[in-house]
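Visitor: Take a look and give me a structure for this.
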Amino acid sequence: MLSGNTLEMVLIDEPAAPVYTQGDVEGLLAKVNEVASMEIGRLRKKNRALAMRDLIRRLDRQRERNQRLDEAFRSGVQWMWFLCRNMDEEQYMPLQEGMEMGKPKIDRRLRIDGKEVRIRANSEEEYVLKASMALGCTAAKAPEAPQKHEFRAYAQYWFDTFSGSNTAQATAITYERQLTRYLYPAFEGRNVEDITTADAQKLFNGMGGAKATKMKCRNVLNMIFNLAVEESIIARNPLASRRLRITGGASKPTEPYTVEQMHFLIANIEKLKKPMDRMFLALQALHPLRPEETLGLRWMDIDLDALKIHVRHSVTHPDRNQPVFKATKTEESERFLDLAPQVVRYLEVGAPEEFVLGGKAPLSYSMMQRMCERIQKEIGFDEKITPRRFRTTVLTDLYDATKDVKQVQSAAGHTTAAMTFKHYVKGRDETQNTATPVASAYGLACDWTGSWTRAKV
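Guide: Here you go, the predicted model:
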């Protein structure tokens, strides 16, 4: 690339010959020809030829200094001699010695890029050469190609800077799992700048499982690309394309236990040998608690006199084993629940700071699993004991009994009732006649034979 010279200068002495690339030579020659065309009214044809020959001499000296520019030199010389051959041979004149001695014969001013430049020369050819150099025929380094960003390194930078230390531990572990399990293998050796919408589509097409699993992966990838857009690494997020489609099966819903199963479990609490197992089943089966909220209960959270449970902490297992004691999932999750009086007899109260399940330390994930397996075996239950199914069951039956949307939402600790109904209130399988109440409301009555008659007013 040739860069324009916008500084005011007086070009008198001949500058040192720069290092030219082939592109520089072509640009330099074009500038010489441009200046010669501008000065055509004052510049004789033979002097233009002399200026070109003088430039060839400069390039010849430069070639001797740098053999690597041999090809560029040959291209430039051939092009210059092609121009010179278009002129009459008798007009070629050798450069005369001593022409540059004494006072310069030419003293002109040019306006270049809005600034005035003064040029002095002893001959027209020298003037053309210096004018061409003032117009920008100085060698400039070609711009370096922008450095690209390897996906794995950039994704790790995003995680370390914006995710790992700024999100809940369970969330950070989920993000890291998406990176190591899906994103790193899919884009190994690729640069962020080179990943397209089609590449993302291939990733999701190759993933198995439910759509929810793919959406978790998409959310992480989307945050990485959004950061790249903000840092001007890419112009547009590839995931923003309308062509992108993420499909997959629906996540398996959590089905509630049947009423008969709940009757069986509660009636057999006494069969459990360990007090902790009895406390767990009594608390989990009769209250709309998340499993992590049950594990996070301490004795200071249970008021036996007022029969209240203060839900304000939880215990999670981000790495699938070691417990993490933390605040509730959301602000709405911190709430007070009524304690079923029938549960009190199963509670063996400890120190206020101790956990209801586990004592001085909360239960690990493996301890929780073994407890559920133990309860199933000792009671003789026909299905697995799954803690999250108890919450779905309690909320379902609470709504069936009260038909109070707000009460169920509050008990669940949800921000919206839509969340409660979408994931937790399932309804029972008992079939009810929905036509009878509607017909009755419209003034129809049904006799014992099943025929409809208009009700008498």
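Visitor: Now do the phi/psi pair for T420.
Guide: Torsion angles at T420 (phi, psi; degrees, to the nearest 10) stand at phi -60, psi -50.
Visitor: cool, and E116?
Guide: phi -90, psi 130.
Visitor: secondary structure element for the residue nearest to it when sequence neighbours are not counted?
Guide: Spatial nearest neighbour of E116, chain neighbours left out: R109 (5.4 Å); criterion: CB to CB, 6 or more residues apart in numbering. (Each C-beta comes from the backbone N, C-alpha and C, glycine too.) Applying DSSP states H and E as the criterion places R109 in strand 106-112.
Visitor: Give me the mean pLDDT for that strand.
Guide: The average pLDDT within strand 106-112 is 74.
Visitor: That one pairs with which strands, parallel or anti?
Guide: When pairing is defined by DSSP bridges, strand 106-112 lines up against strand 115-121 (antiparallel).
Visitor: remind me which residues of the stretch 351-457 of the chain are low pLDDT?
Guide: 426-441, 443-457 (pLDDT under 70).
Visitor: for it, what spans make up the strands?
Guide: Under the criterion DSSP state E, counting those that start in this stretch, the stretch 351-457 of the chain carries strands at the ranges 444-446, 452-454.
Visitor: Just the element for T330, please.
Guide: Here T330 is assigned to no helix or strand, by DSSP H and E.
Visitor: For it, which residues are in contact?
Guide: Neighbour list for T330: 413, 415 [criterion: CB atoms under 8 Å, 6 or more residues apart in numbering].
Visitor: how about it, phi and psi?
Guide: The phi/psi pair for T330 (degrees, to the nearest 10) is phi -140, psi 170.
Visitor: Quick one: the helices in the stretch 101-250 of the chain, in order.
Guide: 124-134, 151-158, 169-178, 184-186, 197-206, 211-230 (DSSP state H, counting those that start in this stretch).
Visitor: Which elements pack onto the second one?
Guide: When you say that, I think you mean helix 151-158. helix 184-186, helix 211-230 (3 or more CB pairs under 8 Å, 6 or more residues apart in numbering; DSSP states H and E).
Visitor: List the buried residues in the first one.
Guide: If I follow you right, that is helix 184-186. For helix 184-186, a neighbour-count test (16 or more other CB atoms under 10 Å) marks A186 as buried.
Visitor: Over to the longest one?
Guide: Residues of helix 211-230 classed as buried under the neighbour-count rule (16+ other CB under 10 Å) are 211, 213-214, 216-218, 220-225, 227-228.
Visitor: how big is the angle separating that helix from helix 169-178?
Guide: 90 degrees (axes from the mean of the first three to the mean of the last three CA atoms, to 10 degrees).
Visitor: ok, residues contacting helix 211-230?
Guide: 149, 154-155, 158, 162-163, 174-175, 178-179, 182-183, 192, 200, 203-204, 207, 234-239, 246-251.
Visitor: what's around S241, how many residues?
Guide: S241 sits with 14 neighbouring residues when counted by other CB atoms under 10 Å.
Visitor: Can you list the neighbours in contact with stretch 338-357?
Guide: With CB under 8 Å, 6+ apart as the criterion, stretch 338-357 contacts 269, 275-276, 278-280, 282-283, 286-287, 294-304, 307-309, 315, 359-363.
Visitor: From those residues, list just the buried residues.
Guide: 269, 276, 278-280, 282-283, 286-287, 294-299, 301-302, 309, 315, 362-363.
Visitor: Alright, calling it a day.
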